[in-house]
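In: Provide a 3D model corresponding to the input given below.
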Amino acid sequence: MAQKELRAAVPIVSKMQDQFGSDDRAGLATSMNEVQGHAAAARGAADTPLWWVAEQAPFIGPSLHAIRESTVAVDELAQGVLPALIDVDPALLRPAGGAFDVAALSALAGPVSQAADSGELAANALSGIDLANTPGMLRGPLSQLTGAVGALQPALSRANALMPHLPSIMGEDGAKNYLLLVQNNAEARGTGGIPASIVQLRFDGGKMDIVQQATSRSFTNKRETPIVPLDDEVVKLFDDKVGRWSQDMTSTPDFALSAKLAEAYWAESFGTQVDGVMSIDPVALSYVLGATGPVKLQTGDELTKANAVQTLLSDVYARYPKNADQDEFFASAAVEIFDAVSSGDFKPVAFAQAIVQAVDENRVYFYSFDAATRDAFSGSRLLGPLPTDGPGTGTTLGVFVNDLTQSKLNFYTSMAAEVQVDRCSSTPSFTTVITFANTLDQATADGLVPYVDTASRYDKGTIGTDVQFYGPNGARFVNAALDGVDVSITTGEHLGRPVGRMWIVNPMGSQHTLAVKFEGSPGDASTSDVALVHTPMVNPVSTRIVEVPCG
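Out: Numbering: from 1, shown residues only. Below you'll find the predicted structure:
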């Protein structure tokens, strides 16, 4: 009976994910009632003293334990998480008349807290389950369930931590000013691209307004010394231009540093103190346009999900050779997209999914200068691409790209990356390998306007790139290779991690393979979860984790 009810419940949970996306409230309610019935029956059959005694038996015990804990997890989802989430009106996720209902959002604290508590109970129940000990007919559904809870529970925990601070972030207790960096991936920097466009946003009582817009030319660049003091390791790995040119403030994966630099530049040029710094890129904007629908610009152009990246990162330069005209186009685009969002005329679930996708791809960041607010985002990708590795968090490596060409040629680059994990000794090693290609051909290069390819540092069509490889926390650099040949590179430490820095030059149609090897600590060979984060590029980056076979 327990198996039968579990097998019936799990597919309905998966169906509910689609129903959330379609905003099918009636269907959600029906599905929830079905899940609750199956979940209660499964838990009632398995969560009994007799079952607990039987779990102690050899051979059959582990299977019985796995099944019982699974029934607990499904029941917690059905009775605690799903009702709380279904009771949340998706309309609260969008503004009305340019303002969010802060009071209504504050009222969500209770349901979110309930969902977070139940999600944690479900996650705890699943944490001790070894799917190898479950009957074959249950492995597929339970694997599905484990994946769903694994994605849901951290999000619920972060939402629960954030809810008490959300009203203040949105200006309930007084206006809050934030800088929005729009990173241009066509000229790559560590967390995306040059922040050529910066917007000051104000939240006051839930109402959003654009206060001021600026470009990189609004600030004092080519400074003699950095605008804020830089750590010696940052200078070693990225040069002091990080703090001397506003275009380079996003070079490192340390978004906290980018935020402090942006704050300093803004205060120096405009005298306005800000409460935090956000960041987004045109690819993320294209996802948002998928939710809002097309927007019409003052130029007559229509920006859509399909054409936004091509228009903002390529076509605009061919059409408007002068910086001033480009700036006017970007400013118009920013206002129209902002108006589309602030109008609230979009499906809230689709909009939330667009933001989640952008966050998952490290295309959205947020750093608050208020410590309590910042703590509410602890563990979130919004604070920066590299997590603080610790027990149970796995092992994360990073690859960050900085253009050296002073052009907009990263529109024509492609990258693939993998981590080769070798656990064949007590001391594991992690080798990050990337293939970086220049996809330009002669005909395309000849047609590029000077602003896109200045040819000031390299021959026309040639792309220079600075790449920083980050190893796991506590690891050490071993060696590096370029196209299979060992090379000597700059190494250092940043954010508690070993870092290797490599420079490459790609003529038209060429590619290079770069590899950097790190060695972990003795006893770390059992580390199971390995991940790779990277600069969000214009074109998708394929990544994979490869386990090196022993022997």
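
In: which other helices and strands contact the worst-scoring helix or strand of the chain on mean pLDDT?
Out: Taking mean pLDDT, DSSP states H and E as the measure, the chain has helix 136-162 as its least confident helix or strand, at a mean of 72. Applying 3 or more CB pairs under 8 Å, 6 or more residues apart in numbering; DSSP states H and E, one finds that helix 136-162 contacts helix 2-22, helix 61-76, helix 109-127, helix 371-376. Any C-beta I mention is one placed from the backbone N, CA and C, and that applies to glycine too.

In: tell me the most buried of these?
Out: Ranked by mean neighbour count, the helices and strands packed on helix 136-162 are led by helix 61-76 with a mean of 22 (mean count of other CB atoms under 10 Å).

In: what's next to that helix, contact-wise?
Out: Helix 61-76 is contacted from outside by 2-3, 5-6, 9-10, 13, 35, 38-40, 42-43, 45-47, 51-52, 54-55, 57, 118-119, 121-123, 125-126, 128-131, 133-135, 138, 142, 145, 149, using CB atoms under 8 Å, 6 or more residues apart in numbering.

In: Just the angle for that helix relative to helix 136-162, thanks.
Out: Counting by axes from the mean of the first three to the mean of the last three CA atoms, to 10 degrees, helix 61-76 lies at 50 degrees to helix 136-162.

In: Can you lay out the helices and strands packed on helix 136-162 as JSON lines showing distance to residue 309?
Out: Below are these laid out as JSON lines (distance: least, CB to CB, whole Å):
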{"stretch": "helix 2-22", "distance to residue 309": "23"}
{"stretch": "helix 61-76", "distance to residue 309": "40"}
{"stretch": "helix 109-127", "distance to residue 309": "34"}
{"stretch": "helix 371-376", "distance to residue 309": "31"}
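
In: Ok, which of those helices comes nearest residue 231?
Out: Checking the helices and strands packed on helix 136-162 against residue 231 by CB to CB gives helix 371-376 as the closest, at 19.4 Å.

In: which element follows the closest one toward the C-terminus?
Out: For helix 371-376, the following helix or strand on the C-terminal side (DSSP states H and E) is strand 395-403.

In: Paired strands for that following strand, with orientation please.
Out: Strand 395-403 has the following sheet partners, assigned by DSSP bridges: strand 463-470 (antiparallel), strand 530-534 (parallel).

In: ok and the very next helix or strand once past that strand relative to strand 463-470, angle-wise?
Out: Remark: after strand 395-403, the chain's next helix or strand is strand 413-422, criterion DSSP H and E. Angle between the axes of strand 413-422 and strand 463-470 is 30 degrees (criterion: the same axes, to 10 degrees).

In: Restrict strand 413-422 to CA atoms and write it as CSV.
Out: Taking C-alpha atoms only, strand 413-422 is exported to CSV below (Å, rounded to 0.1, in the frame of the first residue of the first chain):
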residue,chain,number,x,y,z
THR,A,413,33.3,34.0,-29.2
SER,A,414,32.2,30.6,-27.9
MET,A,415,33.4,28.6,-24.8
ALA,A,416,33.0,25.1,-23.5
ALA,A,417,34.3,24.0,-20.1
GLU,A,418,34.6,20.8,-18.1
VAL,A,419,36.1,19.7,-14.7
GLN,A,420,37.9,16.4,-14.7
VAL,A,421,37.7,15.0,-11.2
ASP,A,422,40.3,12.4,-10.2
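
In: Remind me what it packs against, helices and strands.
Out: With contacts taken as 3+ CB pairs under 8 Å, 6+ apart, strand 413-422 sits against strand 395-403, strand 429-438, strand 530-534, strand 542-547.

In: Dump these to JSON lines, plus distance to residue 446 and mean neighbour count.
Out: As requested, the helices and strands packed on strand 413-422 are exported to JSON lines (distance: least, CB to CB, whole Å; neighbours: other CB atoms under 10 Å):
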{"stretch": "strand 395-403", "distance to residue 446": "21", "mean neighbour count": "24"}
{"stretch": "strand 429-438", "distance to residue 446": "15", "mean neighbour count": "21"}
{"stretch": "strand 530-534", "distance to residue 446": "31", "mean neighbour count": "20"}
{"stretch": "strand 542-547", "distance to residue 446": "29", "mean neighbour count": "13"}
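
In: Tabulate those in CSV, adding columns for distance to residue 244 and mean pLDDT.
Out: As requested, the helices and strands packed on strand 413-422 are exported to CSV (distance: least, CB to CB, whole Å; pLDDT from 0 to 100):
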stretch, distance to residue 244, mean pLDDT
strand 395-403, 14, 96
strand 429-438, 26, 98
strand 530-534, 26, 95
strand 542-547, 32, 95
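
In: To residue 414, which of the ones you listed lies closest?
Out: Closest approach to residue 414 among the helices and strands packed on strand 413-422 is made by strand 429-438 (4.8 Å; CB to CB).

In: What's the first helix or strand after the closest one?
Out: Using DSSP H and E, the helix or strand that directly follows strand 429-438 along the chain is helix 442-446.

In: quick one: the strands in the stretch 451-551 of the chain?
Out: Along the stretch 451-551 of the chain, counting by DSSP state E, counting those that start in this stretch, strands occupy 463-470, 476-482, 485-487, 490-494, 497-506, 511-519, 530-534, 542-547.

In: who does the longest one pair up with?
Out: To tie it back to what came earlier, the one meant is strand 497-506. Note on strand 497-506: by DSSP bridges, its sheet partners are strand 463-470 (antiparallel), strand 490-494 (antiparallel).

In: Would you mark the buried spots in the last one?
Out: Right, the one you point to is strand 490-494. 491-494 (16 or more other CB atoms under 10 Å).

In: now swap in the first one and tell me
Out: Burial within strand 463-470, assessed by neighbour count using 16+ other CB under 10 Å, is assigned to 463-470.

In: same check, this time on stretch 286-294
Out: By neighbour count on 16+ other CB under 10 Å, the buried set for stretch 286-294 is 286-292.

In: Run through who's touching it.
Out: Residues outside stretch 286-294 that contact it (CB under 8 Å, 6+ apart) are 295, 302-306, 308-309, 337, 340-341, 345-347, 350-351, 353-355, 357-358.

In: taking the residues you listed one by one, which sit in strands?
Out: Taking DSSP state E, the ones among the contacts of stretch 286-294 that sit in strands are 295, 302-303.

In: hmm, which of the residues you listed are the buried ones?
Out: Buried residues within the ones in strands among the contacts of stretch 286-294, counting neighbours by 16+ other CB under 10 Å: 295, 303.

In: Out of the ones in strands among the contacts of stretch 286-294, the closest to residue 232 would be?
Out: Nearest to residue 232 among those is residue 303, at 43.2 Å by CB to CB.

In: The closest one contacts residue 309, doesn't it?
Out: No: the criterion here is CB atoms under 8 Å, and residue 303 misses it with residue 309 at 10.1 Å.

In: returning to what we had before: with mean pLDDT and distance to residue 447 as added columns, please give the strands paired with strand 497-506 in a markdown table.
Out: Formatted as a markdown table, those follow (pLDDT from 0 to 100; distance: least, CB to CB, whole Å):
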| stretch | mean pLDDT | distance to residue 447 |
| --- | --- | --- |
| strand 463-470 | 98 | 16 |
| strand 490-494 | 97 | 36 |
